[in-house]
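Student: My questions concern the predicted model and sequence given below.
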Amino acid sequence: MNVRLAYGKIIDRQVFYEKGGNLHPKLDNIVLLQAEPGIAGAFLIFRGWADDHGSFTEQFKIKEPEGRTIYTSSPREVHIVSATHTERLEDEVADLEFEFAGEGYLLILYADGREIATINFDVKVE
């Protein structure tokens, strides 16, 4: 299946709702920690898949700037009903441990095992 990512966002849940609870391009991709190293509070991962119709298996990974994978989602079957439809997905990740705050963390999105998109995000201490 030929699929593309229409949009993707990773953001601290509290920040998302404090900024109105609506997705828009000006929202920063950010995860917050209470301390370093630390466990992140809940954060949200939004995706919009489009461009074809049919089914595919979606999965995502979170990697540190050095390339170590610190989170891998479970595979999920996604069905896009038509070429004009955008399938909107949202996941919440909580209690993920980050060894350090910094820039250059990666959210990598896969469809049928192929890397489709990479989203850079920062991890900051509140």
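Tutor: Yes, it's here.
Student: just checking, Leu23 is part of a strand?
Tutor: No: remark: Leu23 does not belong to a strand; assigned using DSSP: H, G, I helix; E, B strand; the rest coil, it is coil.
Student: residues near it, how many?
Tutor: 15 (other Cβ atoms under 10 Å). To be clear about C-beta, it is placed using only N, CA and C from the backbone, and glycine gets the same treatment.
Student: That one and Ile11: what is the separation?
Tutor: Per Cβ to Cβ, to the nearest Å, Leu23 is found 9 Å from Ile11.
Student: quick one: common contacting residues for the two?
Tutor: Phe46 (Cβ atoms under 8 Å, 6 or more residues apart in numbering).
Student: So Ser55 sits against Arg76, correct?
Tutor: No: look at Ser55 against Arg76 with Cβ atoms under 8 Å: they stay out of range, at 10.7 Å.
Student: Could you point out the longest strand of this protein?
Tutor: Criterion DSSP state E: the longest strand present in the chain is strand 114-125.
Student: contacts for that strand?
Tutor: 3-5, 8-10, 28-36, 38, 40, 98, 100-110.
Student: And the average pLDDT for it is what?
Tutor: Averaging pLDDT along strand 114-125 yields 97.
Student: Describe which strands it pairs with in its sheet and in which direction.
Tutor: In the sheet, strand 114-125 lines up against strand 30-33 (parallel), strand 102-111 (antiparallel) (DSSP bridges).
Student: closest to Ala94 out of those?
Tutor: Nearest to Ala94 among the strands paired with strand 114-125 is strand 30-33 (10.9 Å), distances taken as Cβ to Cβ.
Student: which among the contacts of strand 114-125 end up buried?
Tutor: For these, a burial check counting by 16 or more other Cβ atoms under 10 Å picks out 3, 5, 8-10, 29-33, 38, 40, 98, 101, 105-110.
Student: That's all I had, so thanks and see you.
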